[in-house]
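>>> model this:
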Amino acid sequence: MEIGISKEVLMDHFAKYYPSLKNYPEKYQPLFFNPGAVVTDHMAYLCPLCLKNGMILFEDLFADTRSKFSLDHFPPESVGGFLTVVVCKKCNNDAGGQYEHALKELIQTMSLNNRTPGAKVKGKMEIEGLTGRYASSIEVRDDGEFVISFKPNLKAHVPHLDDWLDKSADENKWKADLTIPQADEKKISKSLLKAAYLHCFERWGYEFSYSYTGEMIRNVLLGIDEYPILNPSFWLGNIPNAGRLPLGVCYLRQPTALRCFIVNMEVKDQTTNYRNLASVLIPGPAEKDWDKLLLIKDQLESNSSHTLSMAHVTDNMLFYGITDGYHKSYAELNS
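As a prediction, the model looks like this:
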């Protein structure tokens, strides 16, 4: 049977995530066992994004739900993500094709706006007196100044543009408008939310996935629901200026009105190495916690400044003797 993942990686995932999955036999066992069948000793793993495609291990024998799997980077590898988790190929491919590309487009534009040497963004050029819109680009030179290329692909066959470039070489008067497309905010939000979801799954396993909030986030990724807050909740600043802000799943303790979990993630432009910290707010496990996001949204849109106080979940769990648990962690946050 072709799974698409090495046995070593699979065994690591079984060992790490099955202890939380086995607490939900009614959720996963019907995927592998017929009604009334004897449930023999096993370990199982489900794609955390759909909770439908999975694999099961009986001693040394693998079986799955006729799906292939792959390692998914979170955040996407295209923006420097290096943490990985096994997901089914359908979920991985759907996210990559539908919305994750927008995050790469955004960080490239941010790098350009920051005047990072080497930053480059593609656009469309409209030239006065010339019909059509032409592929072009804008790039930052080493001295921080912008340079525009009217024809990035010198081998492209564009007769009208070539004629204009030849004629205008010695002219001082011409007008051209460069349009740089803006990355889709909703796609950016989905991409960061998916990465935050996988961070939470990596921390709490299926207890997070089967919570009300986990279910709602999956619905957002499928386009069934809307996330109450557009992501990122905050840009925490260019990395050199961000100090020692904790990465991954954290408690947001202050301000009290915003108290929830916050997932901090580094994203970067692979070409220039420009980096920034994006944060996504994640509520507690219950429906009332999800509804609290609407109140938090009002706070964020109030135009008031916020002083944030946060701590990494792992540090707090160790300090307070909490070994694991999404519900336990949220109870501690609000204690």
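>>> hey, where'd the strands end up in the stretch 201-335 of the chain?
Using DSSP state E, counting those that start in this stretch, the strands of the stretch 201-335 of the chain run over residues 234-238, 248-254, 260-268, 275-282, 309-312.
>>> Now do the residue nearest to residue 329 when sequence neighbours are not counted against residue 260, distance only.
Counting by C-beta to C-beta, 6 or more residues apart in numbering, residue 313 is the residue found nearest to residue 329 once chain neighbours are left out, at 5.9 Å. Every C-beta, even on glycine, is put in place using the N, C-alpha and C of the backbone. Using C-beta to C-beta, to the nearest Å, residue 313 is found at 12 Å from residue 260.
>>> Show me the chain divided up by domain.
7-94+185-333, 109-179 (automatic domain parsing).
>>> Roughly how far does residue 263 sit from residue 96?
Counting by C-beta to C-beta, the gap from residue 263 to residue 96 is 20 Å.
>>> picking up where we left off before, name all residues that make contact with the residue nearest to residue 329.
203, 248, 249, 250, 251, 261, 329 (C-beta atoms under 8 Å, 6 or more residues apart in numbering).
>>> That one and residue 257, how far apart?
Distance, residue 313 to residue 257, by C-beta to C-beta: 20 Å.
>>> Residue 218 too?
27 Å.
>>> who has more neighbours, the two?
residue 218 (19 against 14; other C-beta atoms under 10 Å).
>>> does residue 69 really touch residue 90, like I thought?
No: taking C-beta atoms under 8 Å as the definition, residue 69 is not a contact partner of residue 90, at 9.7 Å.
>>> These two: which has the busier surroundings?
residue 69 (25 against 17).
>>> give me the beta-bridge partners of that one?
With DSSP bridges applied, the residues forming beta bridges to residue 69 are residue 88.
>>> Local confidence estimate at it?
Note on residue 69: pLDDT of 93.
>>> Let me see the contact set for it.
Counting by C-beta under 8 Å, 6+ apart, residue 69 touches 3, 4, 5, 47, 53, 55, 86, 87, 88, 89.
>>> Give me the three-state assignment for the residue of the chain most remote from its centre.
Most distant from the centre of the chain: residue 170, at 47.9 Å, with distances by C-alpha atoms, centre = their mean. Using DSSP: H, G, I helix; E, B strand; the rest coil, the structure places residue 170 in coil.
>>> same thing with residue 125?
The local conformation at residue 125, judged by three-state DSSP, is strand.
>>> and it, how many residues sit next to it?
21.
>>> Ok, residue 264 next?
23.
>>> correct me, but it touches residue 244?
No: judged on C-beta under 8 Å, residue 264 makes no contact with residue 244 at a distance of 11.3 Å.
>>> residues bridging contact with the two, i.e. touching both?
Joint contacts of residue 264 and residue 244 (C-beta under 8 Å, 6+ apart) do not exist.
>>> Am I right that residue 199 is in a helix?
Yes: membership of residue 199 in a helix is supported by three-state DSSP.
>>> Identify the residue spatially nearest to it, adjacent ones excluded.
residue 263 (4.9 Å).
>>> Enumerate the beta-bridge partners assigned to that neighbour.
Beta-bridge partners, per DSSP bridges, of residue 263: residue 249, residue 280.
>>> so who does it touch?
Listed by C-beta under 8 Å, 6+ apart, the contact partners of residue 263 are 195, 196, 199, 200, 248, 249, 250, 279, 280, 282.
>>> cool, and residue 205?
Applying C-beta under 8 Å, 6+ apart to residue 205 gives the contacts 16, 17, 19, 20, 21, 324.
>>> Buried among those? Need that as a selection in ChimeraX.
Those of the contacts of residue 205 that count as buried under 16 or more other C-beta atoms under 10 Å are selected in ChimeraX with:
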select :17,20,21
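>>> Low-confidence bits of this structure, can you list those?
1-3, 64-65, 239-243, 303-304, 306, 314-324 (pLDDT under 70).
>>> Which residue ranges of the stretch 1-150 of the chain form strands?
Under DSSP E, counting those that start in this stretch, the stretch 1-150 of the chain gives strands at 43-46, 54-58, 61-64, 69-74, 83-88, 120-127, 134-140, 146-149.
>>> Please produce JSON lines containing those, extended by distance to residue 273.
Output for those, formatted as JSON lines (distance: least, C-beta to C-beta, whole Å):
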{"stretch": "strand 43-46", "distance to residue 273": "35"}
{"stretch": "strand 54-58", "distance to residue 273": "37"}
{"stretch": "strand 61-64", "distance to residue 273": "39"}
{"stretch": "strand 69-74", "distance to residue 273": "17"}
{"stretch": "strand 83-88", "distance to residue 273": "19"}
{"stretch": "strand 120-127", "distance to residue 273": "13"}
{"stretch": "strand 134-140", "distance to residue 273": "13"}
{"stretch": "strand 146-149", "distance to residue 273": "19"}
